[in-house]
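> Coordinates only, no sequence provided:
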């Protein structure tokens, strides 16, 4: 099974300090579970940052339906 990711692109203007950029990216990593995928720095000094995170898909248990097994008992 291959991993599927969703991406988010953040543009940082030329005047953004390293500490501000680090703080922003750290918040995305800690609270949104994003990881750094790519950084592009333009000649003017602006930066574009690609973040990614794995898409978690829940697979159903095959053959386990309420109609087949009836409602759960209170045991």
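Sure thing, it's come through. Just so it is clear, the model here is predicted, and its values are computed rather than measured.
> any idea how far residue 26 is from residue 9?
With the distance defined as Cβ to Cβ, to the nearest Å, residue 9 ends up 18 Å from residue 26. For every residue, glycine as well, the C-beta is placed using N, CA and C.
> for residue 49, that is, sorry about that
In this structure, residue 49 and residue 26 are separated by 12 Å, where distance is defined by Cβ to Cβ.
> Quick test: name the residue nearest the centre of this protein.
Central residue check for the chain by Cα atoms, centre = their mean: the C-alpha nearest the mean position is that of residue 53, 2.6 Å away.
> for the host helix or strand of that one, what is the average pLDDT?
If you go by DSSP states H and E, residue 53 is part of strand 47-54. Here strand 47-54 scores 96 as its mean pLDDT.
> tell me how far it is from the chain's mean position?
The gap between where strand 47-54 is centred and where its chain is centred comes out at 9 Å by Cα atoms, centre = their mean, to the nearest Å.
> So which residues of this protein form helices?
For the chain, the helices identified by DSSP state H occupy 18-32, 66-69, in order along the chain.
> Need the nearest residue in space to residue 49, chain neighbours excluded.
In space, residue 49 comes closest to residue 10 once its chain neighbours are excluded; the distance is 4.6 Å by Cβ to Cβ, 6 or more residues apart in numbering.
> Does that neighbour touch residue 24 like I think?
Yes: shown here, residue 10 and residue 24 form a contact pair, counting by Cβ atoms under 8 Å, at 7.3 Å.
> buried residues in stretch 34-52?
Taking 16 or more other Cβ atoms under 10 Å as the basis for neighbour counts, the residues of stretch 34-52 that come out buried are 34, 49, 51.
> Distance to residue 5 added to the residues you listed, as JSON lines?
As requested, the buried residues of stretch 34-52 are arranged in JSON lines below (distance: Cβ to Cβ, whole Å):
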{"residue": "34", "distance to residue 5": "10"}
{"residue": "49", "distance to residue 5": "15"}
{"residue": "51", "distance to residue 5": "10"}
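> Closest one of these to residue 60?
Distances from residue 60 to the buried residues of stretch 34-52, taken as Cβ to Cβ, are shortest for residue 34 (27.5 Å).
> Please give me every residue in contact with the nearest residue to that closest one once chain neighbours are set aside.
Distances taken as Cβ to Cβ, 6+ apart put residue 51 closest to residue 34, at 3.9 Å, once the chain neighbours are dropped. Each residue near residue 51 by Cβ atoms under 8 Å, 6 or more residues apart in numbering is listed here: 7-10, 25, 28, 34-37.
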